[in-house]
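Build me a structure from this.
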Amino acid sequence: MRKNIAIVMGGYSSEYQISIKSGNVVYKYLDPDKFDCHRVLIRKDKWVCLDKEDREYPVNRHDFSVTVAGKTLHFDCVFNAIHGNPGEDGYLAAYFELLGIPQTSCNHYQAALTFNKRDLLSVLKPYGIKSATSYYLNSGDTYREEEIIARVGLPCFVKANKAGSSFGITKVYKKEEFADAIEKAFAEDDEVLIEAFLDGTEVSVGVINYKGKTTVLPITEIVSENDFFDFAAKYEGKAQEITPARLGVQQERRVTEVARKVYDLLKMKGFSRSEFIFVEDEPYMLEMNTTPGLTEESILPQQARAAGISLPQLFENAITEALK
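This next block holds a predicted model:
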């Protein structure tokens, strides 16, 4: 009997449109002979299930069911394709855990932790996971540019602490640029992370639970045409994404080891994609994404293909593992 699958997409963040693309790709590639798939659009003003003609049917949030033509539909599993809030920060994971509905992403604690860059890197530091020197600001804090520069140097990156797709990030070269950069970051989140610039090769490492085993996918090297891997580089073709990455044997071994260690330390499940920058042969961790882009062009699907895993296989495995 086919399983009823809800593919949740949309969300409340600036990544809304990217999530819609990811959700529609999952919907396209999941095998209809094995799964009865339904797209569920989650927005601040409504939660609705879409039929093939995009007609909307309200979702009952008490039990995450949908009534169509007098029949109530309950879901066996949720495929999470929401980037940012509330799909990647733990809120939906906690909701589905309370309802007892399996879902394809990590559990709520891991989602909340990894979505908070500052907390994630702080938790991993005692385990020997290296990261850039950093400075923190919260909304309403006063700051002195001289104090920030003394801590992290110039250039540096000013980032929204809890945001994805490079929203709210600026590379700052001089003292006079801090005010605008910090304002831009606070437009996305009420916490800001300021990090020292690391000059080295940037790589993206996908780690998934594939057929019950922690699996590190072929590594992607990021070569941006812009000053860094910003939104345009990610989504407007302003970067080369080279899979497999052009790494030395020692570099590849080391970043694979670190990425697997982080996934297992955090008791992760589902998809993850972590970003690192090499300083000589040592990988420094920037962040971990637990609901990465899932379009045909996205990095993790590229890596899966390089590993011989097709999109139907990748998406079906996520459901199979969640249902376990």
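
Give the full set of residues in contact with the residue nearest the centre of the chain.
Centroid-nearest residue in the chain: residue 289, 2.8 Å away (criterion: CA atoms, centre = their mean). For residue 289, the contacting residues are 83, 88, 114, 164, 272-275, by CB atoms under 8 Å, 6 or more residues apart in numbering. In short, each C-beta sits where N, CA and C put it, glycine included.

Please apply the same query to residue 298.
With CB under 8 Å, 6+ apart, residue 298 has these contacts: 22, 292.

and if we set it to 10 Å?
For residue 298, the contact set (CB atoms under 10 Å, 6 or more residues apart in numbering) comprises 18, 21-22, 25, 206, 234-235, 241, 273, 292, 304.

Now pLDDT too, for these, in JSON lines please.
Output for those, formatted as JSON lines (pLDDT from 0 to 100):
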{"residue": "18", "pLDDT": "94"}
{"residue": "21", "pLDDT": "97"}
{"residue": "22", "pLDDT": "97"}
{"residue": "25", "pLDDT": "98"}
{"residue": "206", "pLDDT": "98"}
{"residue": "234", "pLDDT": "50"}
{"residue": "235", "pLDDT": "50"}
{"residue": "241", "pLDDT": "93"}
{"residue": "273", "pLDDT": "98"}
{"residue": "292", "pLDDT": "96"}
{"residue": "304", "pLDDT": "98"}
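
Of the residues you listed, which is the nearest to residue 154?
residue 234 (24.5 Å; CB to CB).

Residue 130 and residue 258 touch, don't they?
Yes. Between residue 130 and residue 258 there is a contact at 8.5 Å, judged by CB atoms under 10 Å.

still on that earlier bit, between the contacts of residue 298, which sits nearest residue 221?
Out of the contacts of residue 298, the member with the shortest distance to residue 221 (by CB to CB) is residue 241, at 7.5 Å.

May I ask which helix or strand encompasses that closest one?
strand 239-242 (DSSP states H and E).

Strand partners (parallel or antiparallel) of that strand?
In the sheet, strand 239-242 lines up against strand 220-224 (antiparallel) (DSSP bridges).

With that, I have no additional questions.
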